[in-house]
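**Student:** Need a 3D model of the sequence below.
(chains A, B, C and D)
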Protein chains: 2
Amino acid sequence: MAVELIAERGVRDFSLAEASRRLGVTVAAPYRHFADRDELLAAVAVRALGTLEAALAAEVTGGDPPERRLAAIAGGYVRFATAHRPLFETLLRSGIDKDRFPEVRRAAEPMESLFTSCVLTVCGDDPGVAAALAGAVLATAHGYATLLLDGTAGGGVEVSPAAAEGAVLALVKGRSALPE
Amino acid sequence: MAVELIAERGVRDFSLAEASRRLGVTVAAPYRHFADRDELLAAVAVRALGTLEAALAAEVTGGDPPERRLAAIAGGYVRFATAHRPLFETLLRSGIDKDRFPEVRRAAEPMESLFTSCVLTVCGDDPGVAAALAGAVLATAHGYATLLLDGTAGGGVEVSPAAAEGAVLALVKGRSALPE
DNA sequence: GTCTATACCCGGATAGAC
DNA sequence: GTCTATCCGGGTATAGAC
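**Tutor:** The predicted structure follows:
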């Protein structure tokens, strides 16, 4: 399928034309499978979300304490960004219209509920803290992942799944400082 | 100058042609001022870094305690991303070759030293913790900023400068959990 | 410094044959 | 399902006149 081949290239300047060339077919061929470029990209995004959710779910199977599981999710998020960079890029930068392709939004739901349930397990007693912590963890994991992707990080900074996990543990530990 | 006009549009699909049109000149005009498209983008990036550095420096003028100043930097970073979205986008997504335009790298240095000195003030006693904290704060601020930019954040999550500041305070407070 | 004109390249998309 | 052929639009960049 054409879908896999996109992974060879980033989405930044992904084009059906180039993908077709790499596949050894002409530019007209993809239109037998997808209405247009965006529809193909949406299909890739759905696949990416499935893979990501599976990866995150696999991270939390152990009998670890709640904060470790939350950290594992963040680590898994960053790990996914490096291991499946093109898929992750598709999720972030494809510019898919989620109103036109609601299946993309739907594909993200299992992952989101996994995440929020994990946050609630850490601090289910206080919904206010839970919301703030959820945002902080999301931002941190997302931040590490994008730093990895863009290579934006300056010299001495370590950017890795392990670093993301540590940061989440620190957030949990110091969560009383979060605003509500 | 043409430089300002880029701010009207994102960098995602920024083109000299469209910018020229908006300026009311022809597409040939910019080439009197810049060798090519990338050179213009690099000039914008340098300007953006200057503005960002000034904004962050203004955040830390007060006599606040160290961790508050670090939080203020993160908050300022996110604030900048919203207030000067096109400039921030240029920094992240212009795809500038920093080897070709070393002035871009140089323009980032003042900001970086401001940041690292601020981190060291918070925990100068331990270089290992300082490095880990620097990474975590950077990732968190960057994460909030990019979440804002992309609108990636799901429904209930609050993404704001204040949230970023709170997260940094939490990181500082729980920094003993960071890996070294 | 800006214009006109032009050349070139590339991507998206469709029609119709096989 | 894929091909050939084709159209359209848009962007980059240059040459030469004003």
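
**Student:** With adjacent residues omitted, what lies nearest to residue A:143?
**Tutor:** residue B:143 (2.6 Å; C-beta to C-beta, 6 or more residues apart in numbering or on different chains). No exception for glycine: its C-beta is placed from N, CA and C like everyone else's.

**Student:** Kindly apply the preceding question to residue A:70 instead.
**Tutor:** Residue A:70 sits nearest to residue A:118 (C-beta to C-beta, 6+ apart), 5.1 Å away.

**Student:** Give me the neighbour count for that neighbour.
**Tutor:** 22 (other C-beta atoms under 10 Å in any protein chain shown).

**Student:** Repeat that for the one 10 residues further on.
**Tutor:** Applying other C-beta under 10 Å, we find 11 other residues in the vicinity of residue A:128.

**Student:** Likewise for residue A:9?
**Tutor:** Residue A:9, neighbours per other C-beta under 10 Å, totals 15.

**Student:** In contact with it, which residues?
**Tutor:** Residue A:9 sits next to A:18-19, A:22, A:86 when contact means C-beta atoms under 8 Å, 6 or more residues apart in numbering or on different chains.

**Student:** Among these, which one sits closest to residue A:10?
**Tutor:** residue A:86 (6.2 Å; C-beta to C-beta).

**Student:** Quick check: phi and psi at that closest one.
**Tutor:** Per-residue torsions, residue A:86: phi -60, psi -40 (degrees, to the nearest 10).

**Student:** residue ranges with poor pLDDT in chain A?
**Tutor:** A:1-5, A:7-8 (pLDDT under 70).

**Student:** Recalculate using a threshold of 90.
**Tutor:** A:1-13, A:61-63, A:124-125, A:149-157, A:180 (pLDDT under 90).

**Student:** quick one, what contacts the residue nearest to residue A:70?
**Tutor:** A:60, A:66, A:69-70, A:73.

**Student:** Need the three-state assignment for residue A:40.
**Tutor:** At residue A:40 the chain is in helix, as set by DSSP: H, G, I helix; E, B strand; the rest coil.

**Student:** Pull the number of nearby residues for it.
**Tutor:** Neighbourhood size, residue A:40 [other C-beta under 10 Å]: 21.

**Student:** quick revisit: does the residue nearest to residue A:143 really touch residue A:140, like I thought?
**Tutor:** Yes - Residue B:143 is within contact range of residue A:140, at 5.5 Å (criterion: C-beta atoms under 8 Å).

**Student:** How much space separates residue A:176 from residue B:174?
**Tutor:** 9 Å (C-beta to C-beta, to the nearest Å).

**Student:** More neighbours: those two, which one.
**Tutor:** residue B:174 (22 against 11).

**Student:** contacting residues around that one?
**Tutor:** A:169-175.

**Student:** Can you select the buried ones from those residues in ChimeraX?
**Tutor:** Of those, the buried ones can be selected in ChimeraX as follows, counting by 16 or more other C-beta atoms under 10 Å in any protein chain shown:
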select /A:169,170,171,172,173,174,175
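
**Student:** now, which of the contacts of residue B:174 sits nearest residue B:154?
**Tutor:** Closest to residue B:154, out of all of those and judged by C-beta to C-beta, is residue A:171, at 17.9 Å.

**Student:** between the helix or strand that contains the closest one and helix B:161-173, how big is the angle?
**Tutor:** Take DSSP states H and E as the rule and residue A:171 turns out to sit in helix A:161-173. Counting by axes from the mean of the first three to the mean of the last three C-alpha atoms, to 10 degrees, helix A:161-173 lies at 100 degrees to helix B:161-173.

**Student:** Just the residues contacting helix A:161-173, thanks.
**Tutor:** For helix A:161-173, using C-beta under 8 Å, 6+ apart, the contacting residues are A:67-68, A:70-72, A:74-79, A:82, A:122-123, A:133, A:136-137, A:140-141, A:144-145, B:132, B:135-136, B:139-140, B:167, B:170-171, B:173-179.

**Student:** again with stretch A:59-73
**Tutor:** A:56, A:75-76, A:114-115, A:118-119, A:121-122, A:137, A:141, A:164-166, A:168-169, A:172-173.

**Student:** if we go to 6 Å?
**Tutor:** A:56, A:76, A:118, A:121-122, A:165, A:168-169, A:172 (C-beta atoms under 6 Å, 6 or more residues apart in numbering or on different chains).

**Student:** Which positions in that stretch come out as buried?
**Tutor:** A:59-60, A:66-73.

**Student:** and these, which of them are in helices?
**Tutor:** A:59, A:66-73 (DSSP state H).

**Student:** Could you tell me which residues of chain A lie near chain B?
**Tutor:** Neighbours of chain B within chain A, by C-beta under 6 Å from any C-beta of the partner chain: A:112, A:134-136, A:139-140, A:142-144, A:146-147, A:154, A:157-158, A:162-163, A:166-167, A:169-171, A:173-175, A:177-179.

**Student:** ok, of those residues, which come out buried?
**Tutor:** Buried, going by 16+ other C-beta under 10 Å: A:112, A:134-136, A:139-140, A:142-144, A:146-147, A:154, A:157-158, A:163, A:166-167, A:169-171, A:173-175, A:177-179, out of these.

**Student:** quick one, phi psi at the residue lying farthest from the centre of chain A?
**Tutor:** For chain A, the largest distance from the centre (C-alpha atoms, centre = their mean) belongs to residue A:26, which lies 31.8 Å off. For residue A:26, the backbone dihedrals (degrees, to the nearest 10) come out as phi -90, psi 170.
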